[in-house]
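Enquirer: would you be able to build a 3D model of this:
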Amino acid sequence: MLDELKDLWRMARVDGWIFTNATFVAAEVEIDAAAAARWLPGGLRLASPATATLFVAHYPETSFGSVYNEAGLFLDVRRGGRAAVHCPWMVVDDDVALILGREALGYPKKMAALSLSLESDDIEATVERRGVRLLELRGKVGRREDSPPPMLARRACNVWGTLGLSLQRLLSFTPREQILEASEVDLQIEVRESARDPLHELEIGRVLRAYRYRLNIGGAGVPLPVRAVSPLFMMRRWALRYS
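Expert: Purely as a prediction, here's the structure:
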């Protein structure tokens, strides 16, 4: 398995930037702790207080030739006494990005329709999937932030592997990022109910802080498998990862 990961990670050209001039709008939000805990694989526990990062992103330049949009959720967790993030849900509008993200890093990507306007001072974003408008984000860009928190340069712990009786693994890795600029955003988020993408279960609440980033993003070495994950986890999380 480690050789497979090495081959996939080489495809992403870890010696340079994989993504350049990417734009993210990200919000740290309050979530329901009991609901979020049910979304975690073994080996991870939810941070306290319970928070998550909800984001949308546009990638105009990639090392693998795709230009695409993305939305995702990172739960703030702890593993072995250290802070980390876990991604239980992510959608994109490009199939190559979907395949690479799933196969190399365990991001549970699905296809969706994303409409993003992130470059002006008036932020607008919508995410639609299977006839449901899952997310709407609207906001106003504020003052420039000289010392923003990291967007992606945080220890990630994702589940890697296929559905079925084969063994899944919890991967640990930390993306490399260069923050080119960042600004505060006054952001409002609306989440709609969907059986296939049940973000509403988290009862996403108050936006604690939000930023618009422009980033270069690269790899940080081969993702390390740190423990086995029961196949039952994938089956319990069917709606989030596969439907």
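
Enquirer: alpha carbons only for contacts and neighbour counts from here, please
Expert: Fine.

Enquirer: contacts for stretch 22-34 next, please.
Expert: The contact list for stretch 22-34 (CA atoms under 8 Å, 6 or more residues apart in numbering) reads 46, 49-61, 118-119, 151, 187, 202-217.

Enquirer: in that stretch, what counts as buried?
Expert: 22-33 (16 or more other CA atoms under 10 Å).

Enquirer: from the residues you listed, which is closest to Gly139?
Expert: Nearest to Gly139 among these, counting by CA to CA, is Val25 at 9.6 Å.

Enquirer: of the buried residues of stretch 22-34, which belong to strands?
Expert: Using DSSP state E, the members of the buried residues of stretch 22-34 that fall within strands are 22-30.

Enquirer: could these go into a markdown table alongside pLDDT?
Expert: Formatted as a markdown table, these follow (pLDDT from 0 to 100):
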| residue | pLDDT |
| --- | --- |
| Ala22 | 98 |
| Thr23 | 98 |
| Phe24 | 98 |
| Val25 | 98 |
| Ala26 | 98 |
| Ala27 | 98 |
| Glu28 | 98 |
| Val29 | 98 |
| Glu30 | 98 |
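
Enquirer: so for Met235, what's the pLDDT?
Expert: On the pLDDT scale, Met235 is placed at 75.

Enquirer: low-confidence ranges in the chain?
Expert: Counting by pLDDT under 70, the chain has low-confidence residues at 1-15, 163-166, 220-221.

Enquirer: do you have the helices of it handy? List them.
Expert: Ranges of helices within the chain are 2-11, 33-37, 95-105, 231-236, 238-241, based on DSSP state H.

Enquirer: coming back round to it: out of the ones in strands among the buried residues of stretch 22-34, which two sit at the greatest distance?
Expert: Ala22 and Glu30 (25.4 Å).

Enquirer: before we move on, back to that, which one of the ones in strands among the buried residues of stretch 22-34 is nearest to Val96?
Expert: Comparing those against Val96 with CA to CA places Ala22 closest, at 16.9 Å.

Enquirer: beta partners for the closest one?
Expert: Leu215 (DSSP bridges).

Enquirer: gap between it and Glu119?
Expert: From Ala22 across to Glu119, the span is 11 Å (CA to CA, to the nearest Å).

Enquirer: so which of the helices of the chain comes closest to Gly65?
Expert: So among the helices of the chain, helix 95-105 is nearest, using CA to CA, at 9.0 Å.

Enquirer: contact partners for the residue minimising distance to the centre of the chain?
Expert: The residue lying closest to the centre of the chain (CA atoms, centre = their mean) is Gly72, at 4.0 Å. Going by CA under 8 Å, 6+ apart, Gly72 touches 54-56, 87, 89-91.

Enquirer: partners of it in the sheet?
Expert: Phe55, Met90.

Enquirer: what residues sit buried inside stretch 86-96?
Expert: 86-94.

Enquirer: what residues does it touch?
Expert: Contact with stretch 86-96 is made by 39-40, 66-77, 98, 107-114, 156-158, 240-241, as judged by CA under 8 Å, 6+ apart.

Enquirer: could you do stretch 117-129 as well?
Expert: With contact meaning CA under 8 Å, 6+ apart, stretch 117-129 is reached by 23-25, 56, 71, 111-116, 133-142.

Enquirer: the strand ranked longest in the chain packs against which elements?
Expert: Counting residues, the longest strand in the chain under DSSP E turns out to be strand 176-191. For strand 176-191, the packing partners by 3 or more CA pairs under 8 Å, 6 or more residues apart in numbering; DSSP states H and E come out as strand 132-144, strand 207-218.

Enquirer: would you mind finding the most buried of these?
Expert: Comparing those by mean neighbour count (mean count of other CA atoms under 10 Å), strand 207-218 comes out on top with a mean of 21.

Enquirer: same for that strand, what does it pack against?
Expert: With contacts defined as 3+ CA pairs under 8 Å, 6+ apart, strand 207-218 has these neighbours: strand 17-30, strand 176-191.

Enquirer: right, I'll call it a day here.
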